[in-house]
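Asker: Sequence first, predicted model second:
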Amino acid sequence: MELIAITRPDYFEGEGQLINAMFDAGLQLLHLRKPENDGMKFMRLMREINPFYYPAISIHQHHELADMFSVKRLHYPERLWKMTSGQKKTELFVNGFHLSRSIHEWGPPADTAFLDYVFFGPVFNSISKAGYQSIVTKDFCLFDIPEGLKVFGLGGITIAQFDTLKHMKFDGAAVLGALWNYPLHTLTELKKMLKSI
């Protein structure tokens, strides 16, 4: 089981230093998701993050700024992925970008040749988004997973649910709401849990 952290949607004081500390504590991959879509705030946050960690950051917005920060990981919300041409996907893939996308209805996703992994959910009722309810049953299990594609559960994930995710055949979890109240403590506990299952 692998762990991906997703940032809070808002920008806040000290966020860059906290992200650095999370990487220092052993975080392997961070998704920088800022739907406010403010380019200046995005660049300011990136400059607060140690460039050593840029290869471990995937960005959801401001893909056009990826080269500026030598970021090679891009994430696509479901709608944006559908709007992106096959030619563009091929171009990114050929140029060494690692692509991921979100899906909210399970059926083996298309265009998997371009993808490293997908987020699927919400698996559980969301912690960070009011009214964002689980879309799976308790006995849900992933099926027909394309070869080489990893699937990360998203939505309402806490330490207590990692064993359930494993039984559902997920490769790992993308965590947002459960992480940011006490991020360093929670990250440590999540890492312990991942080692035990």
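Answerer: Sure thing, it's come through.
Asker: So Ser128 is in contact with Leu176, correct?
Answerer: Yes. Counting by Cβ atoms under 8 Å, Ser128 does reach Leu176; the two are 5.2 Å apart. To be clear about C-beta, it is placed using only N, CA and C from the backbone, and glycine gets the same treatment.
Asker: Who has more neighbours out of those two?
Answerer: Leu176 (22 against 15; other Cβ atoms under 10 Å).
Asker: Can you give me the distance of that one to Lys82?
Answerer: 23 Å (Cβ to Cβ, to the nearest Å).
Asker: Can you pull the residues that touch both of Ser128 and Leu176?
Answerer: Arg8 (Cβ atoms under 8 Å, 6 or more residues apart in numbering).
Asker: Phi first, then psi, for the residue nearest to the spatial centre of the chain.
Answerer: By Cα atoms, centre = their mean, the chain has its centre lying nearest to His31, at 4.6 Å. The phi/psi pair for His31 (degrees, to the nearest 10) reads phi -100, psi 120.
Asker: What are the boundaries of the helices in the chain?
Answerer: Taking DSSP state H as the test, the helices found in the chain are 15-24, 39-48, 78-83, 86-94, 162-167, 183-196.
Asker: want to throw those into TSV with distance to Pro55?
Answerer: Formatted as TSV, those follow (distance: least, Cβ to Cβ, whole Å):
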stretch	distance to Pro55
helix 15-24	11
helix 39-48	13
helix 78-83	22
helix 86-94	16
helix 162-167	26
helix 183-196	19
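Asker: Ranked by average pLDDT, which of these falls at the bottom?
Answerer: Lowest mean pLDDT of the helices of the chain: helix 183-196, a mean of 76.
Asker: Now do that one against helix 15-24, angle only.
Answerer: 30 degrees (axes from the mean of the first three to the mean of the last three Cα atoms, to 10 degrees).
Asker: outside of helix 183-196, which residues touch it?
Answerer: Contacts for helix 183-196 (Cβ under 8 Å, 6+ apart): 1-3, 5, 18, 21-22, 25-27, 159, 162, 172, 175, 178-179.
Asker: and what of stretch 148-164?
Answerer: Contacting residues not belonging to stretch 148-164 are listed as 1-2, 4, 102, 109, 112, 115-127, 132, 134, 142, 145, 165, 168-175, 177-178, 186, 189-190, 193-194, 197 [Cβ under 8 Å, 6+ apart].
Asker: Could you pick out the buried ones from these?
Answerer: By neighbour count, with 16 or more other Cβ atoms under 10 Å, the contacts of stretch 148-164 hold 1, 4, 102, 109, 112, 115-124, 126-127, 132, 142, 145, 165, 168, 170-175, 177-178, 186, 190, 193-194 as buried.
Asker: tell me which residues in stretch 152-166 are buried?
Answerer: Neighbour-count burial for stretch 152-166 flags 152-158, 161-162, 165-166 (criterion: 16+ other Cβ under 10 Å).
Asker: Give me the distance between the two termini of that stretch.
Answerer: 10 Å (Cα to Cα, to the nearest Å).
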